[in-house]
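Q: I would like the atomic coordinates for the input below:
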Amino acid sequence: MSAKKINDLSAFDGLNEAQENGIDIEIKDPSGQPIGISIKIAGPDSSKQKKAVQALTNERLAAEDMAPVTAQDIETNTLKILASSVISWTPIVLDGADLPCSEENALRLFARFPFIREQVEKKAGKRAGFMKRS
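A: Residues are numbered from 1 along each chain as shown. Below is the predicted model:
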């Protein structure tokens, strides 16, 4: 039986599958205290994120007005990609009613609560969070 070398790239074989399956992010309030919800998000190499990026790029290419991209455009597109990367979430109550998990509701949630968006965005964009620890 041969042991894998440290530089054996097969150690990364499960990375894409892990990104497709997503990771759960425990959401904390701005002071760092858990608030009892978690959001499952797909990784940067997942088909969900790739499709969102491609759709936005195609939309931009199809636009008749190829005006320069603004900071607002980048912010909006980042929010759309993040919202499209949400796989599921634990029950969330907003304004006294259950908030079903959907891309539209994720957009609303992230726009209204930047502290939630920041936590999800931080984890969703880093492959390291999707690697299995041995």
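Q: Please enumerate the strands of the protein.
A: The residue ranges that make up the strands of the chain, judged by DSSP state E, are 23-28, 34-41, 86-89, 93-94, 97-98.
Q: export these to TSV and tack on distance to Ile116 and mean neighbour count?
A: C-beta coordinates here come from the backbone N, C-alpha and C atoms, glycine included. As requested, the strands of the chain are exported to TSV (distance: least, Cβ to Cβ, whole Å; neighbours: other Cβ atoms under 10 Å):
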stretch	distance to Ile116	mean neighbour count
strand 23-28	6	16
strand 34-41	8	17
strand 86-89	10	18
strand 93-94	11	10
strand 97-98	16	8
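Q: and of these, who's closest to Ala62?
A: With Cβ to Cβ as the criterion, Ala62 lies closest to strand 86-89 of the strands of the chain, at 25.5 Å.
Q: Export that closest one to PDB, keeping only CA atoms.
A: Output of strand 86-89 as PDB, limited to C-alpha atoms (Å, rounded to 0.1, in the frame of the first residue of the first chain):
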ATOM      1  CA  VAL A  86     -27.900  30.000  -1.900                       C
ATOM      2  CA  ILE A  87     -29.000  26.300  -1.700                       C
ATOM      3  CA  SER A  88     -31.200  26.500   1.400                       C
ATOM      4  CA  TRP A  89     -31.600  28.000   4.900                       C
END
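Q: What are the buried residues along the top helix by length along the chain?
A: Longest helix in the chain by number of residues, with DSSP state H as the criterion: helix 47-62. If you call a residue buried by 16 or more other Cβ atoms under 10 Å, then helix 47-62 has these buried ones: Lys48, Gln49, Ala52, Leu56.
Q: can you pull out the helices in this protein?
A: Listed in chain order (using DSSP H), the helices of the chain are 15-21, 47-62, 71-84, 103-112, 114-124.
Q: could these be laid out in CSV, adding distance to Ile37 and mean pLDDT?
A: Rendered in CSV, the data for the helices of the chain read as follows (distance: least, Cβ to Cβ, whole Å; pLDDT from 0 to 100):
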stretch, distance to Ile37, mean pLDDT
helix 15-21, 19, 85
helix 47-62, 20, 85
helix 71-84, 16, 89
helix 103-112, 10, 96
helix 114-124, 9, 92
